[in-house]
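[1] need coordinates for the below:
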Amino acid sequence: MADHFEYRHTVGFEETNLVGNVYYVNYLSWQGRCREMFLKREAPEVLAELRDGLKLFTLRVDCEFFAEITAFDELSIRMRLFELTQTQLEFGFDYVRLDPDGPESLVARGRQRVACMRGPNARTVPARVPDSLVRALGPYLPGPRAGSGTPA
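    Purely as a prediction, here's the structure:
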């Protein structure tokens, strides 16, 4: 089994600027989309909890760029769990360009910290990460990478 959840994406013209490079904000959008597809495919019970008042607040996002990508590049956005606390999650994202005629290449790497909250907007309070989400994240729990001692 893979140590990551994968969301595949084909870059479109609307995601590029006049020079043909991808706008940085799209990398952040793809993080959110990957997280959403994970919930849809791996943790549909959490979707019901979202309708019942659970809120997933994105506290922090970042992205480091290593290579440019352009329209029609095929990407694999690979999400890993870096940290799981009682009320928060931190995900890591690898953006990998897929080339059918050559090797994959890492084009960017990002992170996202998410807090679980409940309550009306003015009185929202931290909430435990739902058990159904913890179960769905089980295969992606952090562990040491071979030879590095850092989270997977």
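
[2] what is the longest strand along the chain packed up against?
    For the chain, the strand that runs over the most residues, judged by DSSP state E, is strand 105-118. Contacts defined by 3 or more Cβ pairs under 8 Å, 6 or more residues apart in numbering; DSSP states H and E place strand 105-118 against helix 24-42, strand 55-65, strand 88-98, strand 125-126. For the C-beta atoms, the positions are set from N, CA and C on the backbone; glycine is no exception.

[3] what pairs with that strand, parallel or antiparallel?
    Sheet pairing for strand 105-118, assigned by DSSP bridges, gives strand 55-65 (antiparallel), strand 88-98 (antiparallel), strand 125-126 (antiparallel).

[4] just how off-centre is the shortest one within its chain?
    Which is strand 125-126. Relative to its parent chain, strand 125-126 has a centroid offset of 22 Å by Cα atoms, centre = their mean, to the nearest Å.

[5] how far does the helix or strand following it sit from the chain's center?
    Going down the chain from strand 125-126, the next helix or strand is helix 131-137, by DSSP states H and E. Computed by Cα atoms, centre = their mean, the chain-centroid distance of helix 131-137 equals 15 Å.

[6] what's helix 131-137 in contact with?
    38-39, 42-43, 45-46, 49, 81, 84, 89 (Cβ atoms under 8 Å, 6 or more residues apart in numbering).

[7] hang on, the earlier thing: pipe the helices and strands packed on strand 105-118 into TSV and attach mean pLDDT, mean neighbour count and distance to Ala71 per row.
    Below are the helices and strands packed on strand 105-118 laid out as TSV (pLDDT from 0 to 100; neighbours: other Cβ atoms under 10 Å; distance: least, Cβ to Cβ, whole Å):
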stretch	mean pLDDT	mean neighbour count	distance to Ala71
helix 24-42	96	17	11
strand 55-65	96	14	17
strand 88-98	97	20	13
strand 125-126	96	11	41
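
[8] can you list those in CSV and add distance to Tyr140?
    CSV is the format used below for these (distance: least, Cβ to Cβ, whole Å):
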stretch, distance to Tyr140
helix 24-42, 9
strand 55-65, 16
strand 88-98, 9
strand 125-126, 22
